[in-house]
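A.B. asks: here's my sequence, what's the structure:
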Amino acid sequence: MTELNEEQKRAFEAAAFRRLVEHLRSRSDVQNIDLMNLAGFCRNCLSNWYRDAAGEAGIELSKDESREIVYGMPYAEWQALHQTEASEAKKAEFEARRPKDH
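C.D. replies: Now for the predicted structure:
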């Protein structure tokens, strides 16, 4: 395996994060409940992890601020534009698979 120094690792991880966020922004047809049911995380999880990392670095971000970073717009605006009501089947699947921290 190619040896990477810490700076390279951080740069590549940051690039992968930016690409993931851009991909999720472009796939507004994929609902958060779909992501949760298939992968066990969603856009909100990603924004929470971002906020946690900022907090560990001594920078406090609100939930709204971190969500705007991930969604590319205020969360309420994204919800109004893209969020649809989940089917009862999707809700039941989510409840059956719900992680303990959600």
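
A.B. asks: so what touches the helix ranked longest in the chain?
C.D. replies: Determined from DSSP state H, the single longest helix within the chain is helix 6-26. Residues outside helix 6-26 that contact it (C-beta atoms under 8 Å, 6 or more residues apart in numbering): 4, 30, 43, 46, 69-72. Where you see a C-beta, it was placed from the backbone N, CA and C, and this is true even at glycine.

A.B. asks: may I see the buried residues of stretch 13-23?
C.D. replies: Buried residues in stretch 13-23, counting neighbours by 16 or more other C-beta atoms under 10 Å, are found at V21.

A.B. asks: average pLDDT across it?
C.D. replies: When pLDDT is averaged over stretch 13-23, the result is 98.

A.B. asks: can you check stretch 80-95 too?
C.D. replies: For stretch 80-95, the mean confidence score works out to 95.

A.B. asks: and the end-to-end length of that stretch?
C.D. replies: Counting by C-alpha to C-alpha, to the nearest Å, you get 24 Å between the two ends of stretch 80-95.

A.B. asks: what's the answer for stretch 33-51, then?
C.D. replies: Distance across stretch 33-51, first residue to last, is 21 Å (C-alpha to C-alpha).
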